[in-house]
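Undergrad: give me a model of this one.
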Amino acid sequence: MGFFDKLFGKKEKESLNQGLEKTKETFFSKITKAIAGKSSVDEEVLDQLEEALITADVGLDTTVKIIQNIEARVARDKYVGTDELNKILQSEIQAVLTDAPEDSYKQFGLPEGKKPYVLLVVGVNGVGKTTTIGKLAYNFKSTGKSVLLGAADTFRAAAVDQLTIWSERVGVPIVKQAMGSDPGAVAFDAVQSAVSRGADVVIIDTAGRLHNKAHLMDELGKIKRVIKKVIPDAPHEVLLVLDGSTGQNALEQAKQFTAVTDVSALAITKLDGTAKGGIVLAIASQLNIPVKYIGVGEKMHDLLIFDKHEFVDSLFSLNK
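TA: Okay, the predicted model is just below:
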């Protein structure tokens, strides 16, 4: 039983394995082909391994980094058999992933001395942002935290309605205003309400307009400023939600968002519906921002805290 099993239980480990099924089946069929009949790691093996990584949407830059590191190890160790390749590959994949946040954030915990913990959620429409917020609320509440939601995406009526449905489903309060209201005012009211209620965490949704709109920076900046009027060191976390099934497009969205706001953590959704789960590696490697959560299914407990060791373990485990 690994660390992930002890921390989250067998059910969550199974969710992770199942969520990565499409990625690992495609990935492993190519790795198996690459090493079939080989007694050592040669140039042909490395070429086919490179193809496997790129097919999984690890991305060219990250793939080149991994392959170069493997080449260096092969050269240094003189002889590396193909039976060692999986272990080396696992090690190099883990190396490109940014370390997860400290243990106080595990099991949907919160750091001491930050109450309410203000979590600002950003991302374009359609990536699963509202669903992720609902799942976060459910998981925080399940660990005994009091949660409040703030519906600051006031430019799309469906966004407020969807968040309201999630608040009712999870059983947590929501602060909202009419469509077209000032997002900053909603965020301000949500944080004030969280303070007055003694809430442990307030999760604020923001507009999911196209990531290349210049006024996104201005709006997010305003929301941050009004939040700081209530809690000077807030927001404590800016979580960017990305759709893993969109592959390299998710990476481009991440680059655009990190250019206009201080993203501190990532949530990558819909990994259960894609064979391109390698995008997690590309995003984490190129942006040097920790992946904090991954979505591997539709159920509320299918939002998992990301652990790079267990992610790689599941990626390399067809029968677990």
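Undergrad: any weak-confidence spans in this protein?
TA: By pLDDT under 70, the weakly predicted segments of the chain are 1-9, 28, 36, 78-79, 82, 99-106, 209-214, 318-320.
Undergrad: distance of the closest residue in space to Lys255 that isn't next to it in sequence relative to Ile305?
TA: Here the nearest residue to Lys255 in space, its sequence neighbours aside, is Leu287; by C-beta to C-beta, 6 or more residues apart in numbering that works out to 7.2 Å. Placement of C-beta: from N, CA and C, glycine included. The spacing between Leu287 and Ile305, counted by C-beta to C-beta, to the nearest Å, is 19 Å.
Undergrad: the two: which has the busier surroundings?
TA: Set side by side, Leu287 and Ile305 show more neighbours around Ile305, with 21 against 18, by other C-beta atoms under 10 Å.
Undergrad: hang on, isn't that one packed against Phe108?
TA: Yes. The criterion here is C-beta atoms under 8 Å, and Ile305 meets it with Phe108 at 6.9 Å.
Undergrad: ok, Val41 - contacts?
TA: Counting by C-beta atoms under 8 Å, 6 or more residues apart in numbering, Val41 touches 70, 74, 80-82, 84-85.
Undergrad: sorry, slip of the keys, the one I care about is Gln177.
TA: By C-beta under 8 Å, 6+ apart, the neighbours of Gln177 are 151, 154, 185-186, 189.
Undergrad: name the element it belongs to?
TA: For Gln177, there is no enclosing helix or strand under DSSP states H and E.
Undergrad: can you start the count at 29 instead of 1 from here on
TA: Got it, first residue is 29 now, which makes that one Gln205.
Undergrad: ok, it to Gly212 distance?
TA: Distance from Gln205 to Gly212, by C-beta to C-beta: 11 Å.
Undergrad: ok, back up a step: so which of the contacts of Gln205 wins on neighbours?
TA: Most crowded among the contacts of Gln205, counting by other C-beta under 10 Å, is Ala179 at 27 neighbours.
Undergrad: if we ignore the residues flanking it in sequence, what's nearest that one?
TA: Once flanking residues are discounted, Ala179 sits nearest to Lys204: 3.9 Å by C-beta to C-beta, 6+ apart.
Undergrad: and the spatially most central residue of the chain, helix, strand or coil?
TA: For the chain, Ala295 is the residue whose C-alpha lies nearest the centre (C-alpha atoms, centre = their mean; 2.2 Å). Using DSSP: H, G, I helix; E, B strand; the rest coil, the structure places Ala295 in strand.
Undergrad: please, which helix or strand holds the residue lying closest to it once chain neighbours are set aside?
TA: Computed as C-beta to C-beta, 6+ apart, the closest residue to Ala295 that is not its neighbour in sequence is Tyr321, at 4.0 Å. Assigned by DSSP H and E, Tyr321 belongs to strand 319-323.
Undergrad: what's the angle from that strand to strand 293-297?
TA: Between the axes of strand 319-323 and strand 293-297, defined by axes from the mean of the first three to the mean of the last three C-alpha atoms, to 10 degrees, the angle is 20 degrees.
Undergrad: which outside residues touch strand 319-323?
TA: Under C-beta under 8 Å, 6+ apart, the answer for strand 319-323 is 44, 47, 125-126, 128-129, 133, 156, 159-160, 163-164, 267, 272, 293-300, 308, 311-312, 330-334, 336, 339.
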